[in-house]
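Participant: need a 3D model of the sequence below.
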Amino acid sequence: MLKSRIRGLLMLSMATVAIGAMTGGALALDPTAKWCSGVKIAAFPGGPQGGVFANNVYNGFRQAELDLGPQVTYYFSDWDPNKMLSQIQQALATKVDGIATYGFGGEPATAPLVEQAFAQGTIFTTLNTALPDSQKKHSSQGLGYVGAPNYAAGFALGTEAVKRAKLASGDSVFVWGLKGQGGDRGQRTVGVIDAFEKAGAKVIYQEIDAATNADPNAGTATFVGVMGANPGIKIVVTDHGGLTSNVGVYAKAASLKPGQVYFAGFDMSPNTAQAVKNGYQNLVIDQQPFLQGYLPILNICMTKKFGFSGLDINTAGAFVDSSNVDAVAPLAAKEIR
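Facilitator: Numbers count the residues shown, from 1 in each chain. Presented below is the predicted three-dimensional model:
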């Protein structure tokens with residue numbers, strides 16, 4: 001009796017599998033090439049066209065466009081928050097399906113644009129610099145964040161530099177950053193400064209001006225001036241991917257020898273990798289900007305096509321120094337780091 005019942009259950013199970021195999025597509029979504037085709041997206045690489053960091057983000061955008069099939073329009077903003085806000089308004093006027101952009105403008109200036117976006121059916125998502133209040137409100141509608149937790153990343157870099165450079169209380173450090181920018185972006189510089197002040201360092205701070213923000217070479221005279229006026233500086237932090245890529249130029253202009261000053265900064269690039277190998281750049285925190293391009297496009301496509309909520313992904317998980325730069329340098333050279 002028991003054997004008969006077991007045999008019957010096995011036959012029923014086999015029949016169910018057979019029916020499932022015959023109906024195939026009725027049970028699951030078949031993989032589809034270019035499944036996001038027909039979706040229109042405005043994407044913001046951030047800096048000048050061809051610039052360091054911005055180009056890695058752009059390459060991530062382009063790879064996602066190729067893989068997934070949406071139609072993407074690109075807006076380069078020269079790292080100017082006001083220009084970016086104006087371009088977001090332009091993109092909204094075109095009634096695109098989604099916008100992938102930085103939160104450089106901060107909540108007060110950007111939140112009204114976020115509200116306008118979702119009111120008209122445009123999915124708004126962020127990269128590199130978060131809009132935490134807007135994200136809490138609209139995450140279920142697709143507003144995500146792909147990037148580093150900026151204050152934490154700044155504090156981590158400062159803390160690691162203190163340890164590795166054996167900084168003593170009272171030593172001088174130079175932080176070249178963007179504390180004056182609104183919202184989450186400025187918090188990365190604040191995090192660096194807080195780490196140094198916790199260690200008892202004397203912090204010499206210089207805001208990155210608009211010209212240097214757009215073209216790192218424009219800051220060479222500023223760097224030479226600060227270093228000349230403060231010969232005891234032990235650590236320099238460049239809170240900007242473009243400035244970090246130019247460390248070799250700055251050091252040589254200031255007549256610094258490799259290792260004379262401990263340089264720490266953000267973001268890998270071919271020039272930064274070479275500066276590490278040459279001994280000028282000592283420590284880099286890598287936030288993988290290629291992912292900051294690729295994943296927001298995927299975010300918008302998944303929300304538009306399938307109703308998924310916004311992705312929230314931390315891309316800053318590693319330090320690069322002379323011990324591991326050879327593994328990273330080939331990727332940096334291809335601008336996919």
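
Participant: when you work out contacts or count neighbours from here on, use the C-alpha atoms and nothing else.
Facilitator: Fine.

Participant: for the stretch 101-250 of the chain, what spans make up the helices?
Facilitator: Assigned by DSSP state H, counting those that start in this stretch, the helices in the stretch 101-250 of the chain fall at 106-119, 132-138, 150-164, 183-198, 210-214, 220-229, 241-245, 247-253.

Participant: give me the spatial nearest neighbour of F319, chain neighbours excluded.
Facilitator: I285 (4.6 Å; Cα to Cα, 6 or more residues apart in numbering).

Participant: most packed of the helices of the stretch 101-250 of the chain?
Facilitator: helix 241-245 (a mean of 26; mean count of other Cα atoms under 10 Å).

Participant: N150 contacts D184, correct?
Facilitator: Yes: judged on Cα atoms under 8 Å, N150 makes contact with D184 at a distance of 6.6 Å.

Participant: quick check: neighbours shared by these two?
Facilitator: T129 (Cα atoms under 8 Å, 6 or more residues apart in numbering).

Participant: which of the three states applies to the residue nearest to F319?
Facilitator: Using DSSP: H, G, I helix; E, B strand; the rest coil, the structure places I285 in strand.

Participant: now do the contacts for the residue nearest the centre of the chain.
Facilitator: Per Cα atoms, centre = their mean, the C-alpha nearest to the average position across the chain is that of N128, at 3.5 Å. Counting by Cα under 8 Å, 6+ apart, N128 touches Y102, G103, Y145, V146, G147, A148, P289, Q292.

Participant: quick one: contacts for the nearest residue to M84 once chain neighbours are set aside?
Facilitator: Closest residue to M84 apart from its sequence neighbours, by Cα to Cα, 6+ apart: S77 at 5.4 Å. Taking Cα under 8 Å, 6+ apart, we find S77 in contact with F44, P45, G46, G47, P48, K83, M84, Q87.

Participant: again, 10 Å this time
Facilitator: Contact analysis of S77 by Cα atoms under 10 Å, 6 or more residues apart in numbering lists 44-49, 54, 83-87, 214.

Participant: may I ask which helix or strand encompasses it?
Facilitator: Per DSSP states H and E, S77 falls between elements, in no helix or strand.

Participant: related to what we said a few turns ago, make CSV out of the helices of the stretch 101-250 of the chain and add mean pLDDT and distance to K304.
Facilitator: Output for those, formatted as CSV (pLDDT from 0 to 100; distance: least, Cα to Cα, whole Å):
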stretch, mean pLDDT, distance to K304
helix 106-119, 97, 12
helix 132-138, 98, 14
helix 150-164, 97, 28
helix 183-198, 95, 27
helix 210-214, 93, 34
helix 220-229, 98, 45
helix 241-245, 95, 32
helix 247-253, 97, 42
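
Participant: redo those helices as JSON lines? Include distance to A273.
Facilitator: Shown next, in JSON lines, are those (distance: least, Cα to Cα, whole Å):
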{"stretch": "helix 106-119", "distance to A273": "31"}
{"stretch": "helix 132-138", "distance to A273": "32"}
{"stretch": "helix 150-164", "distance to A273": "17"}
{"stretch": "helix 183-198", "distance to A273": "22"}
{"stretch": "helix 210-214", "distance to A273": "21"}
{"stretch": "helix 220-229", "distance to A273": "20"}
{"stretch": "helix 241-245", "distance to A273": "8"}
{"stretch": "helix 247-253", "distance to A273": "10"}
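
Participant: please name whichever of those helices is nearest to G259.
Facilitator: helix 247-253 (10.1 Å; Cα to Cα).

Participant: how about that closest one as CSV, C-alpha atoms only?
Facilitator: Extracted in CSV, the C-alpha atoms of helix 247-253 (Å, rounded to 0.1, in the frame of the first residue of the first chain):
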residue,chain,number,x,y,z
VAL,A,247,50.1,64.8,-8.1
GLY,A,248,53.3,64.0,-10.1
VAL,A,249,53.1,67.4,-11.8
TYR,A,250,52.4,69.3,-8.5
ALA,A,251,55.3,67.5,-6.7
LYS,A,252,57.8,68.2,-9.4
ALA,A,253,56.7,71.8,-9.6
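
Participant: after the lowest-mean-pLDDT helix or strand in the chain, next one along is what?
Facilitator: Scoring the helices and strands of the chain by mean pLDDT, DSSP states H and E places helix 2-23 at the bottom, with a mean of 42. Toward the C-terminal end, the helix or strand that comes next after helix 2-23 (DSSP H and E) is strand 40-43.

Participant: quick one: list the elements packing against the following helix or strand past that next one.
Facilitator: Sequence-wise, the next helix or strand downstream of strand 40-43 (DSSP H and E) is helix 54-68. Here helix 54-68 touches strand 40-43, strand 71-74, helix 289-306, going by 3 or more Cα pairs under 10 Å, 6 or more residues apart in numbering; DSSP states H and E.
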